[in-house]
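**Q** how would this look folded up:
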Amino acid sequence: MNPFNKKKHLTDYFLIFIFLVLGVSLFYGMSTSGSLMRKTADYYLNKYDLEDIKIISSHGIDENEMKIINSIEDLASINVGYQMDVNIDETKNLISVESIPESWVKYELVDGSYPKDSGEIAVDNSIENFPYKIGDEITLVQKGNNPSLKLKRDKFKIVGLISSPEYILKSEKGVSSLTGSQLDGYALIMPEDFDILYPNFARIHLNSTKKFSPFTSEYRAIVDNNTFLLRGSF
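**A** So this is what the prediction gives:
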């Protein structure tokens, strides 16, 4: 049975909408210093062109779902890819590994290079107790028994260290959808190293949010409205 022939019920298909405003709970409502911090965050968010909405599917985003997303009137651009949670062998680190996009790379390169070939990986530079460095080979251990989430290989050479404005605290790096454990970091590999039929995440930019700061009520209203429309469609 094809795992992507799914019924449209919450028990079969989960969409997680993440509003990426880089710590809005930390900055919103602050006084003078908070205003300065929000301006700094605005600059950082704009520099790395973070998405307005992120959709994550445990079953993959097939052609029908892509048509729904592309039908959004306010859609400016969309970036889809693959991701899954893995352990780094011989460590206690649990990370989310993601395919590097052909364009719109939202990660900052701290050292080394982005992956360019199969078997290369760029790793979060803020993972605690991470014993490896650029040039080392690491082994990724897949978590869970979902047959639709697999890698084609498990050994990768570290070619770069990366940072993301999406995460500034470990507590903001998310929770594994497979184990429920706190994620320690993230990494980028080539799309061809995934053995997944359909992309399982989509990052969405909206047109009408461009003139508003993510910390404004106008921005949140636009994102909320489009999220509501997407939820209804799925």
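
**Q** Give me the longest strand you can find in this structure.
**A** strand 155-163 (DSSP state E).

**Q** Mind checking what helix or strand follows it in sequence?
**A** Heading C-terminal from strand 155-163, the first helix or strand you meet, by DSSP states H and E, is strand 185-189.

**Q** May I have that next one exported as PDB, CA atoms only?
**A** Extracted in PDB, the C-alpha atoms of strand 185-189 (Å, rounded to 0.1, in the frame of the first residue of the first chain):
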ATOM      1  CA  GLY A 185      20.500  20.900  16.200                       C
ATOM      2  CA  TYR A 186      20.100  20.600  12.400                       C
ATOM      3  CA  ALA A 187      22.200  19.800   9.400                       C
ATOM      4  CA  LEU A 188      22.100  20.100   5.600                       C
ATOM      5  CA  ILE A 189      22.700  17.300   3.000                       C
END
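
**Q** between the longest strand of the chain and strand 185-189, how big is the angle?
**A** Using axes from the mean of the first three to the mean of the last three CA atoms, to 10 degrees, one finds that strand 155-163 and strand 185-189 are set 120 degrees apart in direction.

**Q** in strand 155-163, what's buried?
**A** Of all the residues in strand 155-163, those buried under the rule 16 or more other CB atoms under 10 Å are 156, 158-163. No exception for glycine: its C-beta is placed from N, CA and C like everyone else's.

**Q** Point out the other helices and strands that the strand or helix carrying Asn225 packs with.
**A** Assigned by DSSP H and E, Asn225 falls within helix 217-233. Under the contact criterion of 3 or more CB pairs under 8 Å, 6 or more residues apart in numbering; DSSP states H and E, helix 217-233 touches strand 15-18, strand 53-57, helix 63-70, strand 201-206.

**Q** how far out from the middle of the chain is that helix?
**A** In terms of CA atoms, centre = their mean, to the nearest Å, the centre of helix 217-233 is found 19 Å from the chain centre.

**Q** any idea of the mean pLDDT for that helix?
**A** For helix 217-233, mean pLDDT rounds to 89.

**Q** same check, this time on stretch 67-85
**A** 92.

**Q** Please measure how far the first residue of it sits from its last one.
**A** 27 Å (CA to CA, to the nearest Å).

**Q** Please apply the same query to stretch 99-112.
**A** End to end - CA to CA - stretch 99-112 spans 18 Å.

**Q** Please apply the same query to stretch 183-201.
**A** 17 Å.

**Q** list the buried ones in that stretch?
**A** 183-191, 193-194, 196, 198-201.

**Q** Farthest-apart pair in these, please.
**A** Of all pairs drawn from the buried residues of stretch 183-201, the one with the longest distance (CB to CB) is Asp184 and Tyr198, at 26.9 Å.

**Q** So, low pLDDT: which residues of the chain?
**A** 1-48, 103-105, 168-172, 177-178, 234 (pLDDT under 70).

**Q** Now with 50, please.
**A** Along the chain, the model assigns pLDDT under 50 to residues 1-33.

**Q** So Tyr198 versus Arg153, what's the distance?
**A** Tyr198 sits at a distance of 20 Å from Arg153 (criterion: CB to CB, to the nearest Å).

**Q** got it, and Gly144?
**A** Counting by CB to CB, the gap from Gly144 to Arg153 is 18 Å.
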